[in-house]
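In: Okay, here's the prediction I keep looking at, along with the sequence it came from:
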Amino acid sequence: MGQPTPARSADWWRSGVIYQVYVRSFADGDGDGTGDLAGVRAKLPYLAALGVDALWFTPWYLSPMKDGGYDVADYRAVDPAFGTLAEAEKLIAEARELGIRTIVDIVPNHVSDQHPWFRAALAGGPERELFHFRPGRGPHGELPPNDWRSEFGGPAWTRLPDGDWYLHLFAPEQPDLNWEHPAVRQEHEDILRFWFERGVAGVRIDSAALLVKDPALPDFTEGVDPHPYVDRDELHDVYRSWRAVADEYGGIFVGEVWLPDTERFARYLRPDELHTAFNFSFMTCPWDADGLRAAIDTTLAEHAPVGAPATWVLCNHDVTRTVTRYGRADTGFDFATKTFGVPSDPALGTRRARAAALLSLALPGAVYVYQGEELGLPEADIPLDRIEDPMHARSGGVDPGRDGCRVPLPWAADEPYAGFGSRTEPWLPQPAGWGAYAADLQAADPGSMLALYRAAIRLRSVFGDGPLSWLPAPDGVLAFDRGGVAVVVNLSGESVSLPSYRRVLLSSVPLDSDGRLPSDAAVWLRRS
Ligand code: GLC
């Protein structure tokens, strides 16, 4: 390895590039149709060449896979479809040898209905207290205990043959834990230790703002404060004790905190709580200069008082892929309005995604890249009979679900299943023509999305740790300076002239013949 970049120091998480691995769809090492840890290990050189500082693995634990592994049956075991615990330990160590840290994903809000605790609870044991079991309402208890809705659609309660109901904010196979119970708290601190002991550098916290419920489990009234299960103050105690555990190991947290209120969001990032949280306001923002500038300003302003670095995210395993979203008429993202058949212009979307990559990789903070984003993969249409995501069925078939962004990656254009590694049809089908996005083709093409990501990640240390200062720019154009480098992103419909500069460092498309920056493009300019 060459000189470590600043992001590879102890502060890696403040400014690093973190690559999200959805193991099931990354690379198939044993050929059985499902991605696995052997597949990831084989691709570590690719990830090192991309230049990423860390890998965030979506859950790799033992799971019935009713929600892609977010239904965990045993936190201390790797699912056999993915490999073994020993293999995970090897992977963590091998990645570290290449300067790449590992972040695991902990899902504290719920477990799988196959978790030993829930099985014991079903058998009528005292483990019921670890969950939210309640009698129903109505003369015969035939109505759920309250009116809460599952995040996936439908009621948040399921009735058992013995008449009691249990709470699940997600699928019925994901019963919610009772965070009032000390054993639940103790268990999670032990799980954190278990993984930190195995060398992981960080933990992503799933559904981090949902754990604590109002013990009275009241009906939900729109606008009521505090909310009965979102962002309750008691959560901060949980994260303070987690932070003490992480500090013993020098580990870091990234929270999945979906909250519109920026002041409430920032509370999770106080110095004795989480180190970072995903920036969903930036991720869901339409391709619009004023909107993005406001999202950037708000992000920086909300993080500053607590001293936490921002994160920049364009997509993940839950949302429509960037290329497809930016090619639509409505370029924002909203779970509530997802439907089938929204037209998208792939060329336009790709062009904007290239510009967005240069924007996000230039901003102060850490950047998350979701596997396949660096290949410019579009959202895939999954045949109805192959959709696995519970969001689809629970929405009554209205929501296409999240499988379209979870399609097995194309590695080699001329190999079966685009080189994913399977000898048999992969767990999700790849669309026709998937091989055209293959990493091997893109590695050989200087104009590819992969080449752009590699160049941008290699170069982004030019920005240093400096703050961002906005430069004057015409309507529809974002322009700022960081560390003597000007970043210009043109979201207007026409070419624009550039501020004076010494040299073009990188651009998402070639400049016009008269040196202007075309529409839907971005450039990094060395000024001094
Ligand atoms: C988070 C995950 C998502 C999962 C849900 C329930 O939002 O990102 O994939 O379905 O939590 O665990």
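Out: Structure received. Numbering: from 1, shown residues only.

In: For burial, what's the neighbour tally of residue 339?
Out: For residue 339, the neighbour count with other CB atoms under 10 Å is 9. From N, CA and C alone the C-beta is placed, and that goes for glycine too.

In: if I pick the closest residue to residue 289 other than its chain neighbours, what's in contact with it?
Out: Spatial nearest neighbour of residue 289, excluding adjacent residues (CB to CB, 6 or more residues apart in numbering): residue 491 at 4.4 Å. Neighbouring residues of residue 491 by CB atoms under 8 Å, 6 or more residues apart in numbering: 287-289, 292, 355, 476-478, 519-520.

In: of those, buried ones?
Out: Buried by 16 or more other CB atoms under 10 Å: 287, 289, 292, 355, 476-478, 519-520, out of the contacts of residue 491.

In: mind listing what the closest residue to the ligand within the stretch 51-200 of the chain touches?
Out: The stretch 51-200 of the chain approaches the ligand most closely through residue 70 (3.3 Å), counting by CB to the nearest ligand atom. Contact analysis of residue 70 by CB under 8 Å, 6+ apart lists 58-59, 63, 107, 170, 174, 206.

In: Repeat that for residue 328.
Out: Applying CB under 8 Å, 6+ apart, we find residue 328 in contact with 342-345, 349.

In: At the geometric centre of the chain, which residue do we find?
Out: residue 316 (4.0 Å; CA atoms, centre = their mean).

In: tally of neighbours for the closest residue in space to that one that isn't next to it in sequence?
Out: Sequence neighbours aside, residue 370 is the residue nearest to residue 316 in space, at 5.0 Å (criterion: CB to CB, 6+ apart). Applying other CB under 10 Å, we find 24 residues neighbouring residue 370.

In: Tell me the spacing between residue 370 and residue 471.
Out: For residue 370, the distance to residue 471 equals 30 Å [CB to CB, to the nearest Å].

In: So which bits of the chain are right by the ligand?
Out: Contact residues (CB under 6 Å from any ligand atom) of the chain with the ligand: 67, 70, 107, 170, 206-207, 256, 317-318.

In: Which one (most neighbours) among the residues you listed?
Out: residue 107 (27 neighbours).

In: thinking the residue nearest to the centre of the chain is in contact with residue 368, fair?
Out: Yes: look at residue 316 against residue 368 with CB atoms under 8 Å: they come within range, at 7.1 Å.

In: shared neighbours, the two?
Out: Contacts common to residue 316 and residue 368, judged by CB under 8 Å, 6+ apart, are 20, 278.

In: where along the stretch 51-200 of the chain do the strands fall?
Out: Using DSSP state E, counting those that start in this stretch, the strands found in the stretch 51-200 of the chain span residues 54-57, 61-62, 74-78, 101-106, 133-134, 157-159, 165-167.

In: Give me the neighbour count for residue 511.
Out: Close neighbours of residue 511, defined as other CB under 10 Å, add up to 15.

In: which one is it nearest to, not counting chain neighbours?
Out: Once flanking residues are discounted, residue 511 sits nearest to residue 517: 6.1 Å by CB to CB, 6+ apart.

In: With residue 65 instead?
Out: residue 71 (7.2 Å).

In: That neighbour against residue 176, yeah?
Out: No: using CB under 8 Å, residue 71 is not in contact with residue 176; the gap is 11.9 Å.

In: For the two, list the residues in contact with both.
Out: By CB under 8 Å, 6+ apart, residue 71 and residue 176 have these common neighbours: residue 110.

In: how about residue 249, what does it touch?
Out: Residues near residue 249 by CB under 8 Å, 6+ apart: 193, 196-197.

In: What ranges does the stretch 301-450 of the chain have for its helices?
Out: 322-326, 346-360, 390-394, 439-443, 449-459 (DSSP state H, counting those that start in this stretch).

In: Which other helices and strands does the second one contact?
Out: This means helix 346-360. Of the remaining helices and strands, those touching helix 346-360 by 3 or more CB pairs under 8 Å, 6 or more residues apart in numbering; DSSP states H and E are helix 322-326, helix 449-459, strand 485-490, strand 521-526.

In: Show me how far that helix is from its chain's centre.
Out: 18 Å (CA atoms, centre = their mean, to the nearest Å).

In: what stretches of this protein score poorly on pLDDT?
Out: Applying pLDDT under 70 to the chain flags the ranges 1-8.

In: I'd like the domain boundaries of it, if you could list them.
Out: As assigned by automatic domain parsing, the chain contains the domains 7-108+183-459, 116-167, 466-526.

In: Pick the most buried one from those.
Out: Most buried of the domains of the chain by mean neighbour count (mean count of other CB atoms under 10 Å) is domain 7-108+183-459; its value is a mean of 19.

In: from the chain's centre, how far out does that one sit?
Out: Centroid separation for domain 7-108+183-459 versus its chain: 2 Å, with CA atoms, centre = their mean.

In: Then stretch 143-157?
Out: Distance of stretch 143-157 from its chain centroid, counting by CA atoms, centre = their mean, is 25 Å.

In: now what about that stretch, what contacts it?
Out: With contact meaning CB under 8 Å, 6+ apart, stretch 143-157 is reached by 134-137, 159, 165-171, 217-220, 228-229, 390-391, 394-396, 399.

In: Would you state the helices of the stretch 51-200 of the chain in chain order?
Out: In the stretch 51-200 of the chain, the helices defined using DSSP H, counting those that start in this stretch lie at 85-97, 116-122, 182-197.

In: Now tabulate these in JSON lines and tack on distance to residue 304.
Out: Shown next, in JSON lines, are the helices of the stretch 51-200 of the chain (distance: least, CB to CB, whole Å):
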{"stretch": "helix 85-97", "distance to residue 304": "32"}
{"stretch": "helix 116-122", "distance to residue 304": "41"}
{"stretch": "helix 182-197", "distance to residue 304": "28"}
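
In: what about these, which gets the closest to residue 458?
Out: With CB to CB as the measure, helix 85-97 is the member of the helices of the stretch 51-200 of the chain nearest residue 458 (18.6 Å).

In: Can I get the closest one in CSV, CA atoms only?
Out: The C-alpha coordinates for helix 85-97 follow below in CSV (Å, rounded to 0.1, in the frame of the first residue of the first chain):
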residue,chain,number,x,y,z
LEU,A,85,-18.3,-16.7,11.6
ALA,A,86,-14.7,-17.7,11.0
GLU,A,87,-15.0,-16.4,7.4
ALA,A,88,-16.4,-13.1,8.6
GLU,A,89,-13.4,-12.8,10.9
LYS,A,90,-11.1,-13.5,8.0
LEU,A,91,-12.9,-11.0,5.9
ILE,A,92,-12.6,-8.3,8.5
ALA,A,93,-8.9,-9.0,8.9
GLU,A,94,-8.2,-9.1,5.2
ALA,A,95,-10.0,-5.9,4.5
ARG,A,96,-8.1,-4.2,7.3
GLU,A,97,-4.8,-5.3,5.7
